[in-house]
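In: here's my sequence, what's the structure:
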Amino acid sequence: MSPQNLAENLRAVRARIAAAAAQCGRNAHSITIVGASKGQPLTVIEAAAREGLEHFGESYLKEALAKLAAAPAGLTWHFIGRIQSNKTRPIAERFGWVHGVDRLEIARRLATQRPYHAPPLNVCLQVNVAGEPGKAGVAPAEVRALAAAVAELPRLELRGLMCLPPEEHELERQRHWFAALRRLFEDLNAAGAGLDTLSMGMSADVEAAVLEGATLVRIGTALFGPRP
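Out: Numbers count the residues shown, from 1 in each chain. Here you go, the predicted structure:
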């Protein structure tokens, strides 16, 4: 992808977010774009960083670690893939955010393996909002108990919730699933959880996510085009 195309894509994504934010009275600056850069070469990440993108999300650990070792300093890295228990150490050591925590065992491993000299690891709990078989995520009915347990762990900072909802093509159906996650978020905060992050929305449904309160949106195709 040429730097010109990348710059145009980033402007287009920002415009989509700004339009949706204006529609619901939100400040577009309260919404952070995480570039879902899995499968993209380091040169593309460097070009995106030159255009002002600061947050990048990776799903494949081996690929991600090679990029982190060579990437420009000052970027914030999010692990947004499914977490295997035997791979938690490098995630705990190298990333600033983890979006897919859905089991206490994983959270405990991340807490134990986070270096003492590093700031707390920012964590979002992944929720299976539609109860889809085979999809990662804690059941909605179990979110409160998991959140309470994770909040007690050292070297982790429980920031919020994340979801990968069913694929929908109508705006109202997309909003339905994001609204379900937002209600869980509000319920936790009403009980004193102090969360500030809703990680939801991708290239095809970012408007619906913003309308329902997303603070982090994970954008891949709309920024980078199809993965190589």
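In: and the helices in this protein?
Out: Secondary structure of the chain (DSSP state H): helices at 3-23, 42-50, 61-70, 88-94, 104-113, 143-151, 171-190, 206-211, 221-224.
In: okay, those, which one's buried deepest?
Out: Of all the helices of the chain, helix 206-211 carries the top mean neighbour count, a mean of 24, counting by mean count of other Cβ atoms under 10 Å. C-betas here are computed from N, CA, C, even on glycine.
In: pull the CA atoms of that helix into PDB?
Out: The C-alpha coordinates for helix 206-211 follow below in PDB (Å, rounded to 0.1, in the frame of the first residue of the first chain):
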ATOM      1  CA  VAL A 206     -17.500   1.200  13.300                       C
ATOM      2  CA  GLU A 207     -20.400   3.700  13.100                       C
ATOM      3  CA  ALA A 208     -22.600   1.400  15.200                       C
ATOM      4  CA  ALA A 209     -19.900   1.000  17.800                       C
ATOM      5  CA  VAL A 210     -19.300   4.700  18.100                       C
ATOM      6  CA  LEU A 211     -23.100   5.300  18.500                       C
END
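In: packing partners of that helix?
Out: helix 3-23, helix 171-190, strand 216-219 (3 or more Cβ pairs under 8 Å, 6 or more residues apart in numbering; DSSP states H and E).
In: re the thing from before, got the helices of the chain as CSV, with mean pLDDT and distance to P165 columns?
Out: Listed next are the helices of the chain as CSV, based on pLDDT from 0 to 100; distance: least, Cβ to Cβ, whole Å:
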stretch, mean pLDDT, distance to P165
helix 3-23, 95, 16
helix 42-50, 95, 26
helix 61-70, 96, 24
helix 88-94, 98, 24
helix 104-113, 98, 21
helix 143-151, 98, 15
helix 171-190, 98, 3
helix 206-211, 98, 9
helix 221-224, 96, 17
